[in-house]
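1. This is a predicted model, with the sequence first.
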Amino acid sequence: MTEQLDAGGRLRHLLSLDGLDAACLTRLLDRAEGYCARPGRPAPRTRQLADRTIVNLFFENSTRTRASFELAARRLGAEVLNLNLDTSSAQKGESLLDTFYTLQAMNVDGFVVRHAEAGIPARLAEQALPHEAIINAGEGSDNHPTQGLLDVLTIRQHKPRLEELTVAIVGDIRHSRVASSAARALHTLGVGELRLAAPVTLLPDPAHLPGRHLTDIEAALDGADVIMMLRIQKERMRASDIPDDAAYHAQWGLTEERLRHAAPDALVMHPGPMNRGVEIADAVADGPQSVIREQVNNGVAVRMAVLAELLEHRKP
Ligand code: NCD
C-alpha cells in the first residue's frame with residue numbers, strides 16, 4: 001500500500017484506516033471533537049486553510065459525503081472546486097492521471113477522491129507533490145476512512161469506553177467500504193467485541209476483516225451496545241444476487257421488535273443512504289435510539305479535522 005505517513009510518522013494522505021495506530025486515530029478524533037457543531041450554536045469556522053484549494057473529485061455519485069467535504073473545506077476557509085466526473089471528461093476518454101495533472105497545474109492542494117474502483121486514491125498519491133494531499137472519500141468496497149472515523153466519533157461521544165462495548169455491524173458487509181473502515185478502526189481502538197452479521201453470501205472473506213461472523217440477526221443483536229445497519233450495495237452486485245426487499249426486511253431488517261434483543265440504550269447507526277422498510281424500519285430510523293443525524297453532523301467535523309491535519313502545515 002502507498003505510504004500515507006511521512007518519514008516522521010505524520011499523516012500525509014488519508015487512504016485507509018488500516019495501518020493507522022490508535023494514537024493517530026485518537027488524535028484525529030480529538031481534533032474532530034473541537035470542530036463539532038453544538039446544538040443551537042453556529043457551526044465552527046476558521047481560516048486555517050484560507051490560502052488553499054481543495055477539489056472534490058467524485059467519479060461516483062454522492063450526496064452527503066460530497067456535501068460534507070465541501071462544507072468542511074469551506075468552514076476552514078479553503079477555496080473548493082466540485083467535479084462530478086461521472087458526467088465530465090472521464091466520458092470523453094481523458095485518463096484519470098491526465099485529469100489529475102490538469103488539476104495539479106491549477107494549483108490544487110487537496111484532492112478528495114471517490115471512485116468505484118479500489119486503488120485509485122493510492123495511485124494518485126504516488127503522483128502527488130510534497131505539498132499535495134489525497135483524501136480517500138470512498139473507493140470500491142474497500143475503504144471509506146472518513147466514514148469510519150465519524151462512526152467511531154459518534155460511538156465515543158455516547159459510550160467512551162470502547163473496550164466495554166459490543167458493536168454489531170449488520171447487512172451487506174461483503175460490499176461495504178463503510179463496514180471495512182469502521183471495523184478496522186474499532187479493532188485498532190480496542191473495541192470489546194465486534195460482530196459482523198449478514199446472510200452468508202454477504203459476509204466478507206474471514207481473513208479480510210476482524211470480527212466474529214454471524215448469519216443470524218438476533219444473535220448479532222443480543223446485548224449489543226451499538227448497531228450499525230448497512231444497505232445492500234446493489235450497484236456492486238449481479239442482478240440475480242440481489243435479495244428481494246420484502247424478504248430481506250423480514251429476515252434482516254432492524255425492526256422495533258428486533259431492537260429489543262440489544263441493550264436497552266443501544267445506539268442505532270446507519271451511514272446513509274437508508275432504504276427504509278428494507279434494512280431498517282421507519283420507527284427505528286426515527287426512534288429515540290437513532291444517532292443517524294449525529295453521524296451526519298460529525299461527518300463535517302471529522303472532515304475538517306482531516307483536511308486541517310493534512311494541509312495546514314504544508315505549503316507549495
Ligand atoms: C456510503 C458509501 O458511499 O460508501 N455512504 C456514505 O458515504 N455515507 C454507503 C452507501 O453508499 O451505502
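-> Looks like it came in fine.
2. First-to-last residue distance for stretch 69-85?
-> 16 Å (CA to CA, to the nearest Å).
3. what's the answer for stretch 154-172, then?
-> Across stretch 154-172, the terminal residues are separated by 21 Å (CA to CA).
4. go on, stretch 241-256?
-> One end of stretch 241-256 to the other measures 27 Å (CA to CA).
5. Hmm, Leu162 is touching Thr188, no?
-> No: taking contacts as CB atoms under 8 Å, Leu162 lies outside contact range of Thr188: 10.1 Å. Any C-beta I mention is one placed from the backbone N, CA and C, and that applies to glycine too.
6. so which residue of the stretch 1-150 of the chain comes closest to the ligand?
-> Thr65 (4.2 Å; CB to the nearest ligand atom).
7. List the contacts of the closest residue to that residue other than its chain neighbours.
-> Distances taken as CB to CB, 6 or more residues apart in numbering put Ala137 closest to Thr65, at 5.5 Å, once the chain neighbours are dropped. With contact set as CB atoms under 8 Å, 6 or more residues apart in numbering, Ala137 has these partners: 56, 58, 62, 65-66, 69, 112-114, 144, 146.
8. Just the ones of those residues in helices?
-> 65-66, 69, 146 (DSSP state H).
9. near the ligand, which residues of the stretch 101-250 of the chain?
-> Contacts of the stretch 101-250 of the chain with the ligand, taken as CB under 6 Å from any ligand atom, map to 138, 144, 147, 177-178, 231.
10. Figure out the helix or strand that the nearest residue to Ala128 once chain neighbours are set aside lives in.
-> Nearest non-adjacent residue to Ala128, counting by CB to CB, 6+ apart: Ile134, 5.7 Å away. In this assignment (DSSP states H and E), Ile134 forms part of strand 133-139.
11. Tell me who's in contact with Arg75.
-> So Arg75 contacts 35, 43-46, 300, 304 (CB under 8 Å, 6+ apart).
12. Take those residues and keep only those in strands.
-> Assigned to strands by DSSP state E, none of these qualify.
13. What's the local residue count around the closest residue to Met269 other than its chain neighbours?
-> Take Met269 and drop its neighbours on the chain: the residue closest to it by CB to CB, 6+ apart is Met228, 4.5 Å away. Each residue near Met228 was counted by other CB atoms under 10 Å, and the total is 27.
14. And the one 4 residues further on, by the same measure?
-> The criterion is other CB under 10 Å. On that basis, Ile232 has 23 neighbouring residues.
15. Just confirm it contacts Glu279, I think it does.
-> Yes: at 7.1 Å, Ile232 counts as touching Glu279 under the criterion of CB under 8 Å.
16. which residues do those two both contact?
-> Shared contacts of Ile232 and Glu279, counting by CB under 8 Å, 6+ apart, come down to 171, 248.
17. Please, which helix or strand holds Pro121?
-> Per DSSP H and E, Pro121 falls inside helix 120-127.
18. do Leu28 as well
-> helix 22-35.
19. where's that helix relative to the chain centroid, distance-wise?
-> 15 Å (CA atoms, centre = their mean, to the nearest Å).
20. Next, the angle from the longest helix along the chain to strand 133-139.
-> Looking across the chain with DSSP H, the single longest helix is helix 292-311. In terms of direction (axes from the mean of the first three to the mean of the last three CA atoms, to 10 degrees), helix 292-311 departs from strand 133-139 by 150 degrees.
21. No further queries at this time; thank you.
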